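build the 3D model from these lines:
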Amino acid sequence: MNDRHMIIRESDDNHRHEWDFSVHVNSKGIIVSLSQYRLYTRETRRHKFKAARNNAYDRVFKNGNLMGLTDVPFPDDVIEEVRQRVQESIIIQTDE
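Numbering: from 1, shown residues only. Purely as a prediction, here's the structure:
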């Protein structure tokens, strides 16, 4: 299972957070890790969202990171939603 789950939250009218999680299976079990995090802002509701300058994390392109993994916010509802999505994606096959 190699799967991705994007979770989007708006903390208010002018701030949107996006978490992109990757799911991998290995001998230890199911591993869920953050691939990317982005914060988007806008001046007013009439404007489009734009990526905030200092709030980005990317697991692959670490040299371009503007924040460390420990600085990424992980609200409980986001963790619970990604956990629920992973559980729902598990299929137990009982036939061929």
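
grab the nearest non-local neighbour of the spatially most central residue of the chain.
The centroid of the chain falls nearest to Trp19 when counting by Cα atoms, centre = their mean (1.9 Å). Once flanking residues are discounted, Trp19 sits nearest to Ile7: 4.6 Å by Cβ to Cβ, 6 or more residues apart in numbering. (Glycine included, C-beta is placed from N, CA and C.)

where exactly do the strands run in this protein?
Here the chain has its strands, by DSSP state E, at 3-12, 15-26, 29-41, 50-58.

in JSON lines, list those along with mean pLDDT.
Formatted as JSON lines, these follow (pLDDT from 0 to 100):
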{"stretch": "strand 3-12", "mean pLDDT": "93"}
{"stretch": "strand 15-26", "mean pLDDT": "94"}
{"stretch": "strand 29-41", "mean pLDDT": "93"}
{"stretch": "strand 50-58", "mean pLDDT": "86"}
